[in-house]
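Visitor: Sharing a model prediction with you, sequence too.
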Amino acid sequence: MNKFLKYFLLLALTAFVVIQFIRPEKNNGGYESVMAFEKETNPSAEVADILKTNCYDCHSNQTQYPWYAEIAPISFWLDEHIEHGKGHFNVSEWDSYSTKKKDHKLEELIEFVEEGEMPLDSYTWLHGDLSEDETKLLLQWAGLTRLKYKEKLEVSLNP
């Protein structure tokens, strides 16, 4: 092995070890962070399980980290996904959303799930995708929940 390659591999190994000590902050708000969302939107037990298993890791302040989240640079990649997901839709912030925004977030949920954009491929590779039945249940719940927000919007516009 030539000298350059030895030095490169030694430098790469050193960088890999050093980066293990740099950790992104964990996203662990606990289950209470989604309680207001679930109380207001009233998902069935099956839908609540679908949300917990497939959505909350990236769309709430309650992430259940897999073992590989402890290894950099994967930890940084996951952190970026979580921050990005929460930026689009964070059920832990549900109380702060207006009725119009809640309706819009559910509309987006329906659109992204119907188009197969959610959950992301990078999530489903390791965690599995929604089954056809799970997709139907989630979409039915989101559609019915949207009706409540649409009614509230109509009442507020036409008192």
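Guide: Yep, it's here.

Visitor: quick check: longest helix of the protein.
Guide: If you go by DSSP state H, the chain has its longest helix at helix 132-157.

Visitor: That helix - contacts with which helices or strands?
Guide: helix 45-54, helix 99-114 (3 or more Cβ pairs under 8 Å, 6 or more residues apart in numbering; DSSP states H and E). Quick note: C-beta positions are derived from backbone N, CA and C, even for glycine.

Visitor: Tell me which of those helices approaches Ile74 most closely.
Guide: helix 45-54 (19.8 Å; Cβ to Cβ).

Visitor: quick one: contacts for the nearest residue to Thr135 once chain neighbours are set aside?
Guide: Distance criterion Cβ to Cβ, 6 or more residues apart in numbering; nearest residue to Thr135, sequence neighbours excluded, is Val113 at 6.2 Å. By Cβ atoms under 8 Å, 6 or more residues apart in numbering, Val113 lies in contact with 130, 135, 138-139, 142.

Visitor: run the last query once more with 10 Å
Guide: 54-55, 119, 130, 134-135, 138-139, 142 (Cβ atoms under 10 Å, 6 or more residues apart in numbering).

Visitor: From these, list the buried ones, please.
Guide: Buried subset of the contacts of Val113 (neighbour count, 16 or more other Cβ atoms under 10 Å): 54-55, 119, 130, 134, 138-139, 142.

Visitor: Nearest to Val17 among those?
Guide: Pro119 (32.8 Å).

Visitor: how much space between the closest one and Trp77?
Guide: Distance, Pro119 to Trp77, by Cβ to Cβ, to the nearest Å: 16 Å.

Visitor: shaky segments in the chain?
Guide: 1, 29-32, 126, 157-159 (pLDDT under 70).

Visitor: Quick check: closest non-adjacent residue to Lys105.
Guide: Nearest one to Lys105, counting by Cβ to Cβ, 6+ apart, is Phe89 at 5.2 Å.

Visitor: Name the nearest of the contacts of Val113 relative to Leu106.
Guide: Nearest to Leu106 among those, with distances taken as Cβ to Cβ, is Ala142, at 5.0 Å.

Visitor: you'd agree that closest one is up against Lys102?
Guide: No - using Cβ atoms under 10 Å, Ala142 is not in contact with Lys102; the gap is 11.1 Å.
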